[in-house]
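>>> give me a model of this one.
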Amino acid sequence: MNNLDIMRFIVGRFTSFSLGIEFSPTSKLDDLLFKIAFLMILATWIKARKTKEAT
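Numbering: from 1, shown residues only. Model prediction:
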């Protein structure tokens, strides 16, 4: 999985999640859990990039 695939996955997940909010009532907990997951994916991606640059 290269950076483009990861970004595409994040954007796809984000847009599908946004659409999900519009079409179905979601709880604040779901929103919070998604934001945490999104930040974790982002942090992992940044960490992976830094590791790749270091080597």
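>>> drop to CA atoms for contacts and neighbour counts, all remaining ones
Noted.
>>> pLDDT of the one helix or strand Ile10 maps to, averaged?
Ile10 is part of helix 3-23 when elements are defined by DSSP states H and E. Per-residue pLDDT values across helix 3-23 average out to 65.
>>> cool, stretch 41-51 as well?
For stretch 41-51, the mean per-residue pLDDT is 86.
>>> output that stretch in PDB with nothing but the alpha carbons.
Output of stretch 41-51 as PDB, limited to C-alpha atoms (Å, rounded to 0.1, in the frame of the first residue of the first chain):
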ATOM      1  CA  ILE A  41      -4.700   6.300  10.900                       C
ATOM      2  CA  LEU A  42      -3.200   9.800  10.200                       C
ATOM      3  CA  ALA A  43      -0.600   9.400  13.000                       C
ATOM      4  CA  THR A  44       0.400   5.900  11.800                       C
ATOM      5  CA  TRP A  45       0.700   7.200   8.200                       C
ATOM      6  CA  ILE A  46       2.900  10.200   9.400                       C
ATOM      7  CA  LYS A  47       5.000   7.900  11.500                       C
ATOM      8  CA  ALA A  48       5.500   5.500   8.600                       C
ATOM      9  CA  ARG A  49       6.600   8.400   6.300                       C
ATOM     10  CA  LYS A  50       9.100   9.600   8.800                       C
ATOM     11  CA  THR A  51      10.500   6.100   9.200                       C
END
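>>> please begin residue numbering at 29 from this point
Noted, 29 is the first residue going forward, which turns the last one into stretch 69-79.
>>> what sits up against that stretch?
Ile34 (Cα atoms under 8 Å, 6 or more residues apart in numbering).
>>> quick one: buried residues of it?
Applying a neighbour-count criterion of 16 or more other Cα atoms under 10 Å, one finds nothing buried in stretch 69-79.
>>> longest helix in this protein, by residue count?
Longest helix of the chain, by residue count under DSSP state H: helix 56-82.
>>> state the distance from the closest residue to Ile34 other than its chain neighbours to Leu57.
The spatially closest residue to Ile34, leaving aside those adjacent along the chain, is Trp73, at 8.0 Å (Cα to Cα, 6 or more residues apart in numbering). Distance of Trp73 to Leu57, given as Cα to Cα, to the nearest Å: 24 Å.
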